[in-house]
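S.K.: Sharing a sequence plus its predicted fold:
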Amino acid sequence: MDHLTHVTHPLVQHKLSIMREVGTSTAVFRQLLREISQLLAYEITRELPMETKRIETPLMPMDAPTLSGRKLALVSILRAGNGLLDGILELVPSARVGFVGLYRDEETLEPVQYYFKVPDHMDERLVIAVDPMLATGNSSVAAIDLLKSSGAKDIRFLCLLAAPEGIARMKDAHPDVPIVTAAVDERLNEQGYIVPGLGDAGDRMFGTK
Ligand code: URA
């Protein structure tokens, strides 16, 4: 896969525009995120390895294509990553699921791990890390560092919105991790928000402030 895939499909772009609007309700925001997550997952899993399996149709035997290898691992970067999980799990119900929790140390401003739980055999799985917003890239880079420490070798990153700064930081730290996103926005503002963006993705999907 290319390092960056920008999914410009009209359905994705239309749904994203509604999500960006300040007046969109929590319920609609969450539902659209679920729908977009499936369209992005469709794109990120396009080149999954396949094998054939001998099956019987009602008419005759055939060699039918199926996914090969270990179940993929979906890893949510807490907490906003959870908004992408359910939709992708509907599409890939057999996926294993992991979680990475990071907070920012107020003094050093470095991401600190507070939770980390991932499936076994990470080295044999396609690992899809999910976080709606790729902003500075600090937490994404730290999460990918942790996944690589757990043995993961084939990692992809799925997000909704990306800032050019975050893409550059990821490319620098993890050039082997392809990114799939619905949009690349203009820049980060002084507070680290993506602009024009959609605000705080976690707050908008969970109805917090
Ligand atoms: N995280 C968010 O939720 N929104 C941004 O704009 C940047 C980071």
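M.R.: Cool, got the structure. Residues are numbered from 1 along each chain as shown.
S.K.: in stretch 119-135, what's buried?
M.R.: Residues 119, 122, 125-135 are the ones in stretch 119-135 that count as buried (16 or more other C-beta atoms under 10 Å). From N, CA and C alone the C-beta is placed, and that goes for glycine too.
S.K.: likewise stretch 20-31?
M.R.: 20, 29-31.
S.K.: Out of the residues you listed, name the ones that lie in helices.
M.R.: Residues of these located in helices (DSSP state H): 20, 29-31.
S.K.: Asp63: which of these is nearest?
M.R.: Gln31 (39.0 Å; C-beta to C-beta).
S.K.: Check the closest one and give its pLDDT.
M.R.: pLDDT, Gln31: 97.
S.K.: From the chain's centre, how far out is stretch 85-98? Work that out for me.
M.R.: 11 Å (C-alpha atoms, centre = their mean, to the nearest Å).
S.K.: first to last residue in it, what's the distance?
M.R.: End-to-end distance for stretch 85-98, by C-alpha to C-alpha, to the nearest Å: 10 Å.
S.K.: where do the helices sit along this structure?
M.R.: Under DSSP H, the chain gives helices at 10-20, 26-44, 82-91, 138-149, 164-173, 201-206.
S.K.: what's Gly87 in contact with, if anything?
M.R.: Going by C-beta atoms under 8 Å, 6 or more residues apart in numbering, Gly87 touches 33-38, 41.
S.K.: same check, this time on Gly81
M.R.: 75, 99-100, 129-132.
S.K.: strand partners of whichever strand in the chain runs longest, parallel vs antiparallel please.
M.R.: For the chain, the longest strand by residue count, based on DSSP state E, is strand 96-104. Strand 96-104 has the following strand partners under DSSP bridges: strand 73-77 (parallel), strand 111-117 (antiparallel).
S.K.: and of those, who's closest to Pro61?
M.R.: It's strand 73-77; of the strands paired with strand 96-104, that one is closest to Pro61 (C-beta to C-beta) at 33.0 Å.
S.K.: re the thing from before, worst average pLDDT in the strands paired with strand 96-104?
M.R.: Of all those, mean pLDDT reaches its minimum on strand 111-117 (a mean of 95).
S.K.: and Pro93, how many neighbours does it have?
M.R.: Pro93 has 8 neighbours, counted by other C-beta atoms under 10 Å.
S.K.: OK, contacts around it?
M.R.: With C-beta under 8 Å, 6+ apart, Pro93 has no contacts at all.
S.K.: close to the ligand, is stretch 96-107?
M.R.: No: Stretch 96-107 lies out of reach of the ligand by C-beta under 6 Å from any ligand atom, never closer than 11.2 Å.
S.K.: Now that stretch: average pLDDT?
M.R.: Average pLDDT, stretch 96-107: 90.
S.K.: Buried ones in it, by neighbour count?
M.R.: Buried, per 16+ other C-beta under 10 Å, within stretch 96-107: 96, 98-102.
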